[in-house]
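Novice: with the sequence up front, the predicted model follows.
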Amino acid sequence: MENGGYRVEMDHVEKSFGGVCALGDARLQVRPGEIHALVGENGAGKSTLMKILAGALERDAGTVKIEGREVHFSSPRDGKAAGIATIYQEFMLAPDLTVTENIFIDRLSSQGKIIKWKNLNEQAEKLLAEMGFEDINPRRKVANLSVAYQQVVEICKSISRNVKVLILDEPTAVLTVKEIEKLFALLKKLRADGVSIIYISHRLEEIFEICDRITVMKDGCFVDCVPTTEIDKEQLMRKMVGRELKQMFPERNAKLGDVVMKVSNLTGSALVQDVSFQVRAGEVLGFYGLVGAGRTETMRAVFGADKWSSGEITFLGQPVHFKSPKQAVAGKLGMLPEDRKRQGVLLEQSIKMNVTITVMKKVQKYGIFHKKKEAGFVKELLKKMNTKYAAMEHKASSLSGGNQQKVALAKWLAADCRCMILDEPTRGVDVGAKVEIYHCINQLAEAGIAIIMVSSEMPELMGMCDNIVIMHQGKVRGVLGRDEFTEDGIIFAAMGGNG
């Protein structure tokens, strides 16, 4: 190659939208056969830079070279023709078509001839087997696959086009531990085959496990590029946020009060078997377990989203059996679901509506919406959550992931909830936003709200919680107090040992 061995070289790239600078001085150099991490807080410019590389956006200034030659892509088709493929968080699949049809959607037949379905299905089967997902039936409709398997189909679709540069945006957000292992094995195989992989993720542990080098961006500009072996997590976070993160987790000053909720011998689905726990006012109670442990299923049963057959729930001193989430909310129990985009916020509705949706009566007067009262109410709540937004009339989709999560928290604060269930509250947000969400949770606890925090990130639970409940295959395997927290002890119980 003419450019010192780089397959991708982006230099001094600039891009503005309506006078707002998205990229000021962005740079990226990726080698063949390399897994290259691209990191930065939400709004750092990562997605904009990748859209320029893929041809979805045109740059205002700077150069983009592929294998030493400058390119000017005017559409994603140009990028694909150059061997660049992007796997976005929102998949580009046709749900009513089969796996095979999606993989070969623009190559079903050659020169108008009859489609040879048997050959195409066999090719798809072979590709899936090479990826380690031979259990996916190529004749099955994509709509009937899990979200994780839909992502596999998306990757398979790209690989079938002899991709040179594969861009992955938060690829593991919807995958189980075993599926992540398979994905990493696949990425290593692609790296060995000479494919350049650009890996965007907020999960720093994954970056250190799979990536060769890391490019850091902040405020639309290049910060640094370092080999993964020459930096640690703390140094990397400092480069990303541009400040010291001495206190990743806030000090726990909340005074624990009376028991707000007590769950005894709750049994429902196969993943909710004889579950017992209690949470007190001002307490942050963590729930940890490996995939399939039953944490989310337990919370859904408590919240009235799923049925349960036996056991007892006492809430605010009274026995309850919520038949629906609506009943739970009316009873002062809130739940922030794991899937923020589908269940946590209404992305196409205003920020204001998202906050007041649970408490319409508070912003009405004689049955009529009181706009001034509503605006003041929402403004005060968003201020408490330290939410960054342009205007409360804007759609929730205009917010970063971290601020969407704060809006979702504000919604339950508005409803005067006495207990909040937070399922993966920091999933998919950058490290800076995580710190802010931790402070929000801590403020809620200090106000006397009981917090149940479900998380797959052990350091997060150890840093935030007063006690941690560990589940395995639908059952509680241990409850640890703060002075008993150890990674070994938590993992041991999560794998079925008696913690």
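Specialist: Great, that's in hand. Everything numeric in this text was worked out from a predicted model, so none of it was measured. Numbers count the residues shown, from 1 in each chain.
Novice: how about residues contacting the helix or strand containing residue 126?
Specialist: Assessed by DSSP states H and E, residue 126 sits inside helix 117-130. Outside helix 117-130, the residues that touch it by Cβ atoms under 8 Å, 6 or more residues apart in numbering are 99-100, 103-104, 108, 134, 136, 138-139, 152, 156, 159-160. C-beta coordinates here come from the backbone N, C-alpha and C atoms, glycine included.
Novice: quick check: residue 283 touching residue 466?
Specialist: Yes. Using Cβ atoms under 8 Å, residue 283 is in contact with residue 466, at 5.0 Å.
Novice: what touches both of those two?
Specialist: In contact with both residue 283 and residue 466: residue 256, using Cβ under 8 Å, 6+ apart.
Novice: pick out whichever of those two has more residues nearby.
Specialist: Relative neighbour count places residue 283 above the other of residue 283 and residue 466, with 25 against 18, counting by other Cβ atoms under 10 Å.
Novice: hmm, back to that, now do the helix holding residue 126, average pLDDT.
Specialist: Per-residue pLDDT values over helix 117-130 give a mean of 87.
Novice: buried ones in it?
Specialist: For helix 117-130, burial by neighbour count (16 or more other Cβ atoms under 10 Å) applies to 120-121, 123-125, 127-128.
Novice: out of those, the closest to residue 320 would be?
Specialist: Residue 320 lies nearest to residue 128 out of those, by Cβ to Cβ, at 46.5 Å.
Novice: how close does the closest one sit to residue 489?
Specialist: The spacing between residue 128 and residue 489, counted by Cβ to Cβ, to the nearest Å, is 39 Å.
Novice: kindly report the same for residue 68.
Specialist: Between residue 68 and residue 489 the distance is 53 Å, computed by Cβ to Cβ.
Novice: okay, those two: which has more neighbours?
Specialist: Between residue 68 and residue 489, residue 489 has the larger neighbour count (other Cβ under 10 Å), namely 16 against 13.
Novice: isn't there a helix covering that one?
Specialist: Yes. Counting by DSSP: H, G, I helix; E, B strand; the rest coil, residue 489 falls inside a helix.
Novice: which residues of the stretch 151-300 of the chain score low on pLDDT?
Specialist: Flagging of the stretch 151-300 of the chain using pLDDT under 70 yields the residue ranges 174, 242-247.
Novice: geometrically speaking, which residue is the centre of the chain?
Specialist: residue 428 (2.7 Å; Cα atoms, centre = their mean).
Novice: residue 156 sits in which helix or strand?
Specialist: helix 147-159.
Novice: next helix or strand past that helix?
Specialist: Counting by DSSP H and E, what follows helix 147-159 is strand 165-169.
Novice: list the contacts of that next one.
Specialist: With contacts defined as Cβ under 8 Å, 6+ apart, strand 165-169 is touched by 7-8, 30, 47, 50, 53-54, 66, 83-89, 155, 158-159, 187, 190, 195-201.
Novice: next step: those restricted to strands.
Specialist: 8, 30, 66, 84-87, 196-200 (DSSP state E).
Novice: closest one of those residues to residue 329?
Specialist: residue 200 (35.4 Å).
Novice: what number of residues lie near that closest one?
Specialist: Residue 200 has 22 nearby residues by other Cβ under 10 Å.
Novice: sweet, I'm off.
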